[in-house]
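> the following comprises the amino acid sequence and a computationally predicted model.
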Amino acid sequence: MTDKPPERRAAPRYPVDTRIFASIAGQTVRLLNISRSGVAIHGSGLPAGSEHLLEVNLDHRHVAIPVRILDCSGPEHLHASFVEPGPELQLAIDRYIADLS
């Protein structure tokens with residue numbers, strides 16, 4: 001019997017509408033899922049530890065969310081955490097998640 005690895009996510013993840021526009025570091029990307037604390041992104045070329053603005057339409061408006069790339073899990077999957085999004089941005093993220101669940 002093998003032990004399951006511990007869950008490292010701090011918050012539940014929710015799949016996003018694949019038609020949502022997003023860009024980071026000059027490249028158009030597709031968000032795979034979102035949580036209160038971060039996102040999974042279908043994109044490449046951004047090293048772990050780098051910080052960027054993720055531009056995305058959330059809560060019916062265009063927002064730029066500061067993110068830090070945590071790691072890459074595959075050739076085109078990036079995991080990023082939100083970097084101190086502030087109350088207004090956090091509210092937009094929370095509203096978007098509430099609409100998904």
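Okay, I see it. Nothing here was measured: the structure is a model prediction, and the numbers come from that model. Numbers count the residues shown, from 1 in each chain.

> pLDDT wise, what is the residue nearest the centre of the chain at?
Centroid-nearest residue in the chain, with Cα atoms, centre = their mean: Val39, separated by 1.7 Å. In this model, Val39 is scored at 94, pLDDT.

> backbone phi and psi for it, please?
phi -140, psi 160 (degrees, to the nearest 10).

> check the protein for its longest strand and report it.
Using DSSP state E to define each element, the chain has its longest strand at strand 61-72.

> distance-wise, check Pro75 relative to Ser35.
23 Å (Cβ to Cβ, to the nearest Å). The way it works is simple: take the backbone N, C-alpha and C, and place the C-beta from them, glycine included.

> likewise Ser50?
From Ser50 to Ser35 the distance is 20 Å (Cβ to Cβ).

> just checking, Gln27 touches Gly43?
Yes - the criterion here is Cβ atoms under 8 Å, and Gln27 meets it with Gly43 at 6.0 Å.

> out of these two, which sits in the more crowded spot?
Between Gln27 and Gly43, counted using other Cβ atoms under 10 Å, Gly43 has the larger neighbour count: 23 against 12.

> I'm done for today, thanks for sticking with me.
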